[in-house]
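In: Only the shape, not the letters, is given here:
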């Protein structure tokens, strides 16, 4: 191939890529909505009854805020609700039948230096009544896990906790601990738990989405639960079939491997936005917004979020993916730069 032909090929390849990205970018747009009243990192979102809810939050000194806010899209306004029954952070959260379920998380130790103490508590929040109900505890104490609902049951997957046999009661960046692939199924009808097949790749701070009665787990970090403590970012996608209790690896990896993201499901796709990553010479938060087609097993790259951040809340409400608050930089710098930004991506057509 001569230089002229090679240049033409490179130009055509670049043109095809540009057109593909332009097509993806034409499918929707980001809009600004009412700012979040109490900016924080490590917040989580869920939609129920036509409204959006933001939970948890982490204050300096690793103190859990335990806040609950409701967003009404009809008025574009936030209102504060009853706080969480147990103030905790890095909880797993999901919705089923108009109720929102909160599992596990970290709390401050009752004594001694600040650390992340994993818990097994489980709660049901009724948005209509603004009430909390305690449920049977999880079999395993863990946090930075994720949860999804399929077939009337709830699945709590992954997370971080102490090492087996450890005398420690909490985890810390300077102390050894582990990520887990634990999968536990909760049945709201009987208020009971049972253990299911382990996720192949133990990880924490991951994303999750349920499509066509299967659960997809995406990204996250392995090793440490602390981004500054050696947690490695992952771009892996794994599929869990609840009917057969089996796991499969998906070849299509995330375009941008990261952890501490927000996520949601719309139109048969799992969307992931934001997140963070650190290396010895790099500390960053992401604007990246990407969608995974669960049927085609393909990714699409969408317009990036207006402001980079990690530890943000996400949820899909109607035809909008909401991205709320979070920290505009990666963790562990000694500075908290929380944002009140509330951006929503309006879906206008199906991503390819």
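Out: Good, I have the coordinates. Note that this is a predicted model, so its numbers are computed, not measured.
In: what's the burial count for the closest residue to residue 76 other than its chain neighbours?
Out: Closest residue in space to residue 76, ignoring its immediate chain neighbours: residue 34 at 4.8 Å, by C-beta to C-beta, 6 or more residues apart in numbering. The C-beta positions use only the backbone N, C-alpha and C, and glycine is treated the same way. Under the neighbour criterion other C-beta atoms under 10 Å, residue 34 is assigned a count of 15.
In: Same check on residue 237?
Out: Going by other C-beta under 10 Å, the residues that sit close to residue 237 add up to 23.
In: got the contact list for it?
Out: Residue 237 makes contacts with 216, 217, 218, 249, 250, 252, 253, 254, 292, as judged by C-beta atoms under 8 Å, 6 or more residues apart in numbering.
In: which SS state does the residue lying closest to residue 80 once chain neighbours are set aside fall under?
Out: Setting aside the residues directly before and after it, residue 80 is nearest to residue 69 in space (C-beta to C-beta, 6+ apart), at 5.8 Å. Assigned with DSSP: H, G, I helix; E, B strand; the rest coil, residue 69 falls in the strand class.
In: Tell me if I'm right that residue 69 and residue 39 touch.
Out: No. Because the distance of 11.1 Å does not satisfy C-beta atoms under 8 Å, residue 69 is recorded as not touching residue 39.
In: Give me the below-cutoff pLDDT ranges for the protein.
Out: By pLDDT under 70, the weakly predicted segments of the chain are 1-26, 229-231, 332-336, 349-352.
In: ranges for the helices of it?
Out: Secondary structure of the chain (DSSP state H): helices located at 3-25.
In: which among the contacts of residue 237 end up buried?
Out: Applying a neighbour-count criterion of 16 or more other C-beta atoms under 10 Å, the buried members of these are 216, 217, 218, 250, 254, 292.
In: Could you report the separation of the last one from residue 270?
Out: For residue 292, the distance to residue 270 under the criterion C-beta to C-beta, to the nearest Å works out to 5 Å.
In: who touches both of those two?
Out: With C-beta under 8 Å, 6+ apart applied, the overlap between the contact sets of residue 292 and residue 270 consists of 209, 216, 218.
In: is the last one in a bridge, and if so with what?
Out: Under the criterion DSSP bridges, residue 218 forms beta bridges with residue 207, residue 237.
In: Hmm, it is touching residue 211, no?
Out: No. Contact status for residue 218 versus residue 211: not in contact, 11.7 Å apart, counting by C-beta under 8 Å.
In: who touches both of these two?
Out: What both residue 218 and residue 211 touch, as defined by C-beta under 8 Å, 6+ apart, is the set residue 270.
In: Between the shared contacts of residue 292 and residue 270, which sits nearest residue 83?
Out: Using C-beta to C-beta, the shortest approach to residue 83 within these belongs to residue 209, at 27.7 Å.
In: Disregarding flanking residues, what is the spatial nearest neighbour of that closest one?
Out: The spatial neighbour of residue 209 that comes closest, neighbours along the chain excluded (C-beta to C-beta, 6+ apart), is residue 270 at 3.2 Å.
In: so who does that neighbour touch?
Out: Taking C-beta under 8 Å, 6+ apart as the definition of contact, the neighbours of residue 270 are 207, 208, 209, 211, 216, 218, 263, 264, 291, 292, 294.
In: What about these, which one has the most neighbours?
Out: Comparing those on neighbour count, residue 291 comes out first with 30 neighbours (neighbours: other C-beta under 10 Å).
In: and that one, bridged to which residues?
Out: The bridge-partner assignment for residue 291, based on DSSP bridges, gives residue 271, residue 300.
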